[in-house]
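Colleague: Show me how the following folds:
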Amino acid sequence: MEQVRHPATTTGNGTAPPDTGGQRLAQPSPGVPTGAGRPVKIGIIGAGSAQFSLDIVGDLCLTPGFAGSQVTFMDIDEGRLRTIDRLARRYAAELGVDFRFVPTLDREAALREADFVINTAAQAHADEEAQRATWDAHGYYRGLRFPYANLELMLSVARDVERLCPDAWLLQSGNPVFEGCTLMTRETGAKVVGLCHGFAGYRKIVDVLGLDPAAVAFEAPGVNHCIWMTQFRYQGEDAYHLIDAWIEHEAEAYWARPVARFSDTQMSRAAVDMYRSFGLFPIGDTPRFGGSQWVSSWWYHTDLETKRRWYGNLGGFDSEIGWQGYLDKLEATLAGIARAAADEASPITEALPPRLSGELIVPMIDALANDQVGVFQVNVPNRGALPGIADDVVVEVPALVSKAGIQPLRLDPLPRGLFNRVLLPKIIEMETNLEIFQTGDPRVWFHQVMLDHRTRDPEQAIAAMRAVLDLPFNARLRERFGDPVEVLSLMTQPEPVTA
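Modeller: As a prediction, the model looks like this:
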């Protein structure tokens, strides 16, 4: 499907971009540094996410032009904070790079005079798992999305950025990017851009098909965790027929093999089924969800055996097997980083070899600060980029990024069936989540839970909602929502029949 692209309204204080002549601007291979630059001040919120922070430090150290920059690590976990600070100092020293690292437990200190703020902070995994188990115990297999603690955190960070460093770019990487970035850009004047590496799922397609990545061009617009490959070109020619040939001749043998690591959703039977249904291949996290949890693809997720049919022997990333594998990997990574930090005798670059991570964050900073112009996959307010979507809804689209700002490219509409059956329900789900967060009205939340296919009756929904709010870490939300049993009693009790 060919799409014409033109620059949409500039995000930030930008000027008109250079004329592209309507030609495709190739998606960059992030992390190919060029040219000189200037020192910047970067604040990382949630820096205790050690692997993420080390990736940023590594990319900064390996990108020319950032010498003399300051990175402030902020986290509420002092132990993790000390570990990442110690590792960063050793890493930069071994590479002979001039960087200043500052650890702090004070978020405001991390934001003052910052040029860039990177927010990766999120609700603790242990809390998320307790919440999931609570939903599960009430008949909601693998839980329901309940992003309100993270939305509260995101909005408070954005408000602090607006107050303390209003000219800084806020790069949001923690989930939920879709709801969070839409909320922050509506409620504050902060310069927010959401980044997600899910778009890189196209590389799995390239790898499975045995193509030369350097000869591949693609586009995959939509909204975060719901993006669809509108262009897939190889050596300048449409390459969708290569996917079709793989499905016809090789897919069954591929699906019969055991899944490596903890998941392979990109080339799963579910991804192919979505492609057949909507005419475009889902990319990245999209095959996990397919869109809204209410209507788009719940039939892939009814139980473990169903998940295995659609996602392979482990049941996909979100099954009890796949997700535990992911959590185990996180723990192993954290333990490895702790060992490296404790081993003062060995060079840190032996444990963490100096190589670019492939993430977008540092190349984006390089483009915005040093005018290293490129096209990046970003999450920003629509403002005309994707037809049919309100301007203030954050979309995930390619954008021209430079010192002038972030300028989304205007694209053709997505196919009607995909737009109506997948994208609109996803947007409605997002808007409902924001309404629940902003109003604290349990009636809206109740209506959302009642729409879920796993809900048998109102009593099940109310009991599950109450149990989730009763979890100790949700005390603030409980104060805001009140007791669902009391608030919703009038909604669920039938009116008496009068003679």
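
Colleague: quick one, phi psi at the residue nearest to the spatial centre of the chain?
Modeller: By C-alpha atoms, centre = their mean, the chain has its centre lying nearest to residue 196, at 4.1 Å. Backbone torsions for residue 196, taken as degrees, to the nearest 10, come to phi -140, psi 140.

Colleague: what about the helices in the stretch 201-350 of the chain?
Modeller: Listed in chain order, the helices of the stretch 201-350 of the chain (DSSP state H, counting those that start in this stretch) span 202-209, 240-249, 251-256, 269-278, 286-289, 304-311, 320-342, 348-351.

Colleague: For the chain, give me the ranges with low pLDDT.
Modeller: 1-36, 294-296, 490-499 (pLDDT under 70).

Colleague: if we go to 50?
Modeller: 1-35 (pLDDT under 50).

Colleague: of all the helices of the stretch 201-350 of the chain, which lies closest to residue 131?
Modeller: helix 320-342 (13.2 Å; C-beta to C-beta). C-beta coordinates here come from the backbone N, C-alpha and C atoms, glycine included.

Colleague: can you give me the offset of the closest one from its chain's centre?
Modeller: Averaging C-alpha positions (C-alpha atoms, centre = their mean, to the nearest Å) puts helix 320-342 20 Å from its chain's average.

Colleague: same question, stretch 298-317
Modeller: Centroid separation for stretch 298-317 versus its chain: 22 Å, with C-alpha atoms, centre = their mean.

Colleague: hmm, who's touching that stretch?
Modeller: For stretch 298-317, the external contacting residues (C-beta atoms under 8 Å, 6 or more residues apart in numbering) are 141-142, 255, 258-259, 262-265, 268-270, 273, 288, 290, 318-323, 325-326, 453.

Colleague: could you flag which of the residues you listed are buried?
Modeller: Among the contacts of stretch 298-317, those scoring as buried are 141-142, 255, 259, 262-265, 268-270, 273, 288, 290, 318-319, 321-323, 325 (criterion: 16 or more other C-beta atoms under 10 Å).

Colleague: Could you tell me how many residues sit around the closest residue to residue 67 other than its chain neighbours?
Modeller: Excluding the flanking residues, the one nearest residue 67 by C-beta to C-beta, 6 or more residues apart in numbering is residue 98, at 4.6 Å. Number of residues near residue 98 (other C-beta atoms under 10 Å) recorded here: 12.

Colleague: cool, residue 291 as well?
Modeller: Around residue 291 there are 25 residues (other C-beta under 10 Å).

Colleague: close enough to count as contact, it and residue 430?
Modeller: No - judged on C-beta atoms under 8 Å, residue 291 makes no contact with residue 430 at a distance of 10.8 Å.

Colleague: still on that earlier bit, hang on, the residue nearest to residue 67 packs against residue 70?
Modeller: No - Residue 98 lies out of contact with residue 70 (C-beta under 8 Å); the separation is 10.5 Å.

Colleague: Tell me how this protein divides into domains.
Modeller: 6-197+353-410, 416-479 (automatic domain parsing).

Colleague: any idea which of the ones you listed is most buried?
Modeller: With neighbours taken as mean count of other C-beta atoms under 10 Å, the domains of the chain reach their highest mean count in domain 6-197+353-410, at a mean of 20.

Colleague: helix, strand or coil for residue 386?
Modeller: With DSSP: H, G, I helix; E, B strand; the rest coil as the basis, residue 386 sits in coil.

Colleague: correct me, but it touches residue 411?
Modeller: Yes - at 5.8 Å, residue 386 counts as touching residue 411 under the criterion of C-beta under 8 Å.

Colleague: Show me the common contact partners of those two, please.
Modeller: With C-beta under 8 Å, 6+ apart as the test, residue 386 and residue 411 both reach 221, 397.

Colleague: how about residue 318, what does it touch?
Modeller: So residue 318 contacts 142, 288, 301, 307 (C-beta under 8 Å, 6+ apart).

Colleague: Swap in 6 Å and give it another go.
Modeller: Contacts for residue 318 (C-beta atoms under 6 Å, 6 or more residues apart in numbering) come out as residue 288.

Colleague: and the gap between it and residue 298?
Modeller: 12 Å (C-beta to C-beta, to the nearest Å).

Colleague: Residue 216 too?
Modeller: Relative to residue 298, and taking C-beta to C-beta, residue 216 is found at 33 Å.

Colleague: Compare neighbour counts for those two and give me the winner.
Modeller: residue 216 (19 against 16).

Colleague: Spatially nearest residue to that one, not counting backbone neighbours?
Modeller: residue 206 (5.3 Å).

Colleague: For that neighbour, the count of nearby residues, please.
Modeller: Residue 206, neighbours per other C-beta under 10 Å, totals 20.

Colleague: My guess is it contacts residue 214. True?
Modeller: No - counting by C-beta atoms under 6 Å, residue 206 does not reach residue 214; the two are 10.0 Å apart.

Colleague: Apart from its neighbours in sequence, what residue is nearest residue 235?
Modeller: residue 215 (4.8 Å).

Colleague: what ranges do the strands span in the stretch 51-200 of the chain?
Modeller: 69-74, 99-104, 116-119, 169-172, 191-194 (DSSP state E, counting those that start in this stretch).

Colleague: Dump those strands into a markdown table; add distance to residue 469 as well.
Modeller: Formatted as a markdown table, these follow (distance: least, C-beta to C-beta, whole Å):
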| stretch | distance to residue 469 |
| --- | --- |
| strand 69-74 | 29 |
| strand 99-104 | 32 |
| strand 116-119 | 26 |
| strand 169-172 | 26 |
| strand 191-194 | 28 |
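
Colleague: Okay then, goodbye and thanks.
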